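[1] coords please:
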Amino acid sequence: MQGKARIKEHPIHPMLIPFPIAFWVGSLIADIAYFATDNDFWTSMGTTLIGFGIIGALLAAIAGFVDYFTAPMPARVKGTATKHMLVNLGITLLFVVNYLLRVDTPETAAGYVLSVIGIAALLYSGWLGGDLVYDHRVGVAEERPRPGAPQAGERPRVPTGTPRR
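    Residues are numbered from 1 along each chain as shown. This next block holds a predicted model:
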């Protein structure tokens, strides 16, 4: 059940999603570092990481949209994919608001709260994405036998004898 957003047979969406996740989690870590050190560097770093996360999320969303509209899915699975997409769009919007709040006032309590809510929503979205991939095989190519590889139920071929020199 692969969509068309792929390079060769590898789907692009899962290659891109680690970036916004890492940037947004990094921004929360920067917030925690700010509270621990009272160093303004960390608020600036957190705001910058949120901005990069937004860019990464938009790139991942493009590939996700292509897959959403081109991967064949039963209605129940499509419902999970729709929920995954809407949660991710909501998370991205939340971090856009978070970024806009922090640009002028990086030490904003509302920004810190939005980061925590955004990371919690990311966990839920990741669970939905895992359900799509691991339970419903969305984005997973059917396995093709490799030349010379044992087929299902067949024992692997083991070379006999010692090699001659």
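
[2] rest of the way, CA atoms for contacts and neighbours
    Fine.

[3] for this protein, what spans make up the helices?
    Assigned by DSSP state H, the helices in the chain fall at 13-16, 18-37, 40-70, 75-104, 109-130.

[4] Please point out which parts of the third one sit buried.
    Applying a neighbour-count criterion of 16 or more other C-alpha atoms under 10 Å, one finds 42-51, 53-54, 56-61, 63-64, 66-68 buried in helix 40-70.

[5] again with the first one
    Neighbour-count burial for helix 13-16 flags 13, 14, 16 (criterion: 16+ other C-alpha under 10 Å).

[6] gap between the closest residue to residue 118 other than its chain neighbours and residue 131?
    Counting by C-alpha to C-alpha, 6 or more residues apart in numbering, residue 118 lies nearest to residue 91, which is 5.7 Å off, once chain neighbours are set aside. Computed with C-alpha to C-alpha, to the nearest Å, the distance linking residue 91 and residue 131 is 19 Å.

[7] who's more crowded, the two?
    Neighbours per residue (other C-alpha atoms under 10 Å) separate residue 91 from residue 131, with residue 91 holding more: 23 against 17.

[8] check contacts around the more buried one.
    By C-alpha atoms under 8 Å, 6 or more residues apart in numbering, the contact set of residue 91 is 118, 121, 122.

[9] isn't the second one right up against residue 86?
    In this case it means residue 121. No. Using C-alpha atoms under 8 Å, residue 121 is not in contact with residue 86, being 11.1 Å away.

[10] any idea how far the closest residue to residue 119 other than its chain neighbours lies from residue 51?
    Nearest residue to residue 119 in three dimensions, chain neighbours excluded: residue 25, at 6.8 Å (C-alpha to C-alpha, 6+ apart). Separation of residue 25 from residue 51 (C-alpha to C-alpha): 12 Å.

[11] On the pLDDT front, check the residue nearest to residue 119 for me.
    Residue 25 is assigned a pLDDT of 98 by the prediction.

[12] next one: the one 5 residues further on
    Here the pLDDT value assigned to residue 30 is 97.

[13] and it, how many neighbours does it have?
    Residue 30: 20 neighbours (other C-alpha under 10 Å).

[14] now residue 18
    14.

[15] let's have the chain start at 615 instead
    From this message on, residue numbering opens at 615, which makes the last subject residue 632.

[16] mind listing what it touches?
    With C-alpha under 8 Å, 6+ apart, residue 632 has no contacts at all.

[17] what about it, distance to residue 674?
    9 Å.

[18] For this protein, name the helix or strand with the lowest mean pLDDT.
    strand 620-621 (a mean of 74; mean pLDDT, DSSP states H and E).
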